[in-house]
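Participant: Pasting the sequence and the predicted coordinates here, then a few questions.
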Amino acid sequence: MNNRVYQHHLPRKRFGQNFLHDNYIINSIVAAIHPQPKQAMVEIGPGLGALTKPMAKCVESLTVIELDCDLAVRLAKHPFMQQKLNIVQQDAMTVDFAALSAQMGQPLRIFGNLPYNISTPLIFHLFKYTDAIYDMHFMLQKEVVNRLVEGPNSKAYGKLSVMAQYHCQIISILEVPSTSFNPAPKVNSAVVRLVPYTTRPYPVSDLGKLATLTSQAFSQRRKTILNSLANLFCAKQLAELGINARLRAENLSIEQYCRLANTLSMRTL
């Protein structure tokens, strides 16, 4: 198969396009999502429709968000799917998913093979709309999935881990080899399920404080928390919060980061 042209479409590097073609993987993903006919299914980056086609067979309608105008036109002309698709030709980073949920009258079930170059920013964008989302299933670079699911005391545990697990229960579903795509990326992928909490285990009053704390701590992860957060907490304050000042960023639990964030919020009241 020609790596440059796939199904008469030239993959565009600026959109991070790698097209899924492995039927076993495709069927496994659809089975994991388990769509129901009347649910508000939303696909980000349908591409050539590898997931779109089997999903469309399972539901009454399917909303797809596609930035590439050529691919959007291609989907609009598809003989089977055109009657079922609501095509939003837009950058997913600019979509108001709360408004989309309100329009569809129910929480969204979002899925997609996300381009590696925007996957993390897009996930953070979606976290703004967790009240409007039932669940999310994404194909991501395996390294990103590892960071999403990892817990404390691991090198893969970082800001993304803390912020993602604050918002969602996260489950790794399936590993996907690079040969499942055309063109084949240089890294392996994995499918992950994110289910937003209806009641968060450790509520934070100001998410900005949590983001600030985690950014600062993990940007200096070789330092102790006492040193990396020196402008925010002294040893005595950390001790009062039950946190060992000698620990490093990767050793603190999500609950401990949330405790620190809430303490910062109280200072500004």
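Facilitator: It's in. Residues are numbered from 1 along each chain as shown.

Participant: so what's residue 65 bridging to?
Facilitator: residue 44, residue 88 (DSSP bridges).

Participant: residues contacting it?
Facilitator: By CB atoms under 8 Å, 6 or more residues apart in numbering, residue 65 lies in contact with 42-46, 88, 90, 92, 95. In this view, the C-beta of every residue, glycine as well, is placed from N, C-alpha and C.

Participant: Quick one, grab the pLDDT at it.
Facilitator: Listed pLDDT for residue 65 reads 96.

Participant: For it, give its distance to residue 48.
Facilitator: As for residue 65, its distance to residue 48 is 15 Å (criterion: CB to CB, to the nearest Å).

Participant: just to revisit the earlier point, most neighbours among the contacts of residue 65, which one is it?
Facilitator: Ranked by the number of neighbours (other CB atoms under 10 Å), those place residue 46 first, at 28 neighbours.

Participant: so where does that one fall, helix or strand?
Facilitator: Residue 46 belongs to no helix or strand when elements are defined using DSSP states H and E.

Participant: Including distance to residue 246, could the contacts of residue 65 go into CSV?
Facilitator: As requested, these are arranged in CSV below (distance: CB to CB, whole Å):
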residue, distance to residue 246
42, 45
43, 47
44, 42
45, 44
46, 49
88, 50
90, 48
92, 42
95, 44
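
Participant: Out of those residues, the closest to residue 82 would be?
Facilitator: Of all the contacts of residue 65, residue 46 has the smallest distance to residue 82: 12.7 Å, by CB to CB.

Participant: hmm, which two among the contacts of residue 65 are most spread apart?
Facilitator: Greatest spatial distance among the contacts of residue 65 (CB to CB): 46 and 95, at 13.9 Å.

Participant: Would you mind giving the contacts of residue 65 as JSON lines with pLDDT added?
Facilitator: Shown next, in JSON lines, are these (pLDDT from 0 to 100):
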{"residue": "42", "pLDDT": "98"}
{"residue": "43", "pLDDT": "97"}
{"residue": "44", "pLDDT": "96"}
{"residue": "45", "pLDDT": "92"}
{"residue": "46", "pLDDT": "92"}
{"residue": "88", "pLDDT": "95"}
{"residue": "90", "pLDDT": "94"}
{"residue": "92", "pLDDT": "96"}
{"residue": "95", "pLDDT": "97"}
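
Participant: now, which of those residues sits nearest residue 214?
Facilitator: residue 92 (23.8 Å).

Participant: Mind telling me what element the nearest residue to residue 205 once chain neighbours are set aside is part of?
Facilitator: In this structure, residue 205 finds its nearest non-sequential neighbour in residue 265, 4.6 Å apart by CB to CB, 6 or more residues apart in numbering. Taking DSSP H and E as the definition, residue 265 sits inside helix 254-267.

Participant: Could you give the average pLDDT over that helix?
Facilitator: 95.

Participant: Same question for stretch 163-175.
Facilitator: Mean pLDDT, computed over stretch 163-175, is 97.

Participant: That stretch: how far from the chain's middle?
Facilitator: Chain-centre distance of stretch 163-175: 8 Å, with CA atoms, centre = their mean, to the nearest Å.
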